[in-house]
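> below are the sequence and a predicted model; questions follow.
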Amino acid sequence: MLIDIITIFPDYFRAVFDYGIVRRAAAAGLVQIEAHDLRGWTIDKHRMVDDRPFGGGDGMVLKPDPIFAAVESLTGARGAAELAGTGVRVVLLSPQGRVFDQRVAEELAGAERIVFICGRYEGVDERVVEMLVTDEISIGDYVLSGGEPAAAVVVDAIVRLIPGALGSETSATNESFSEGLLDFPHYTRPPEFRGLRVPEVLLGGNHAEIARWRRQKALSKTRRNRPDLLERVALTEAERAWLAEEEPENFSGE
Ligand code: SAM
């Protein structure tokens, strides 16, 4: 997979992608990530990327021309319409976008190439949204100063889904959200720490029992912290019964 990031702060990403799974995936040739300086596509002598908003108001807006030039030179296509069905996505990070979650990460992980555009100031000229991007993505209902931290989050979540990026092929399928639930609790040595014992079932070596315990803990943690997720998961009769028994007053089940 090829990932390009268009930003006015390309150095921001040097440290961000230089660790852990993303670094390993890049070293293994599974992904190539490049941060490009938007100013490289300006043509005026001051290398201006922003300008005042038409209609007045606070702040500056990122100009459309360098962004169009950047995306067109990277993709070879003129606008989002030409990219339909090509496996290339052009993603604008924006608080106005569709909210990023594991489903969106899985969808984007299927792309061959993704070009991310990081906004700054008041955002980007709306013609970028109208013509150039295939996706507007928000990482949550809050406003960041720039798209760079959002791009770092989205790229990390996508890269770990590329086959081979994690040590074990099954790791990503056991994580929070992959099956609609939060992950189960994990423990490691020592078996007792500050008076807290690791649950006996995990020490016993009975894999069926461990799997059942983990599923139940995932269910109960999801109900406690993210009941909205639980409503969308298909539960077995036995799981419903177990949940109803565990905390009947909080569980609607339907
Ligand atoms: N005026 C914009 C608004 O109110 O919707 C906010 C602009 S914000 C200060 C500057 C840039 O940060 C945005 O263009 C976008 O690239 C990025 N950004 C801010 N919040 C974000 C979020 N929740 N998700 C993704 N990108 C975000």
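Structure received. Residues are numbered from 1 along each chain as shown.
> measure whichever residue of the chain sits closest to the ligand to Gly195 for me?
Closest to the ligand within the chain is Gly119: 2.1 Å, counting by C-beta to the nearest ligand atom. For the C-beta atoms, the positions are set from N, CA and C on the backbone; glycine is no exception. Going from Gly119 to Gly195 by C-beta to C-beta, to the nearest Å gives 50 Å.
> which one of these two has more residues nearby?
Neighbour count, other C-beta atoms under 10 Å: between Gly119 and Gly195, Gly119 has more, with 25 against 5.
> got a list of what the closest residue to that one other than its chain neighbours touches?
Leaving aside its sequence neighbours, Gly119 sits nearest to Gly147 (C-beta to C-beta, 6 or more residues apart in numbering; 4.7 Å). Contact analysis of Gly147 by C-beta atoms under 8 Å, 6 or more residues apart in numbering lists 7, 92-94, 116-120.
> dump those residues into JSON lines; add pLDDT and secondary structure as well.
Converted to JSON lines, the contacts of Gly147 look like this (pLDDT from 0 to 100; DSSP: H, G, I helix; E, B strand; the rest coil):
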{"residue": "Thr7", "pLDDT": "98", "secondary structure": "strand"}
{"residue": "Leu92", "pLDDT": "98", "secondary structure": "strand"}
{"residue": "Leu93", "pLDDT": "98", "secondary structure": "strand"}
{"residue": "Ser94", "pLDDT": "98", "secondary structure": "strand"}
{"residue": "Phe116", "pLDDT": "98", "secondary structure": "strand"}
{"residue": "Ile117", "pLDDT": "99", "secondary structure": "strand"}
{"residue": "Cys118", "pLDDT": "99", "secondary structure": "strand"}
{"residue": "Gly119", "pLDDT": "98", "secondary structure": "coil"}
{"residue": "Arg120", "pLDDT": "98", "secondary structure": "strand"}
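> for the residue nearest to Gly119, give me the pLDDT.
Gly147 is assigned 98 on the pLDDT scale.
> assess the claim that Ile210 and Val201 are in contact.
Yes - contact criterion C-beta atoms under 8 Å: Ile210 and Val201 qualify, at 6.0 Å.
> list the beta-bridge partners for Ile114.
Counting by DSSP bridges, Ile114 forms beta bridges with Ile3, Arg89.
> what sits against it?
So Ile114 contacts 1-4, 88-91, 108, 158 (C-beta under 8 Å, 6+ apart).
> so which of the contacts of Gly147 is surrounded by the most neighbours?
Ranking the contacts of Gly147 using other C-beta under 10 Å puts Leu93 first, with 30 neighbours.
> that residue against Ile137, yeah?
Yes - contact criterion C-beta under 8 Å: Leu93 and Ile137 qualify, at 6.0 Å.
> show me where the stretch 51-200 of the chain has strands.
Using DSSP state E, counting those that start in this stretch, the strands assigned to the stretch 51-200 of the chain run over residues 61-62, 88-99, 113-118, 135-138, 192-193, 196-197.
> what's the average pLDDT for the first one?
This means strand 61-62. Here strand 61-62 scores 98 as its mean pLDDT.
> in the stretch 51-200 of the chain, which ranges drop under the pLDDT threshold?
168-170 (pLDDT under 70).
> who in it is up against the ligand?
Taking C-beta under 6 Å from any ligand atom as the criterion, the neighbours of the ligand within the stretch 51-200 of the chain are 93-96, 118-120, 122-124, 138-140, 142-147, 150.
> and which of the contacts of Gly147 is nearest to Ala238?
Comparing those against Ala238 with C-beta to C-beta places Leu93 closest, at 42.5 Å.
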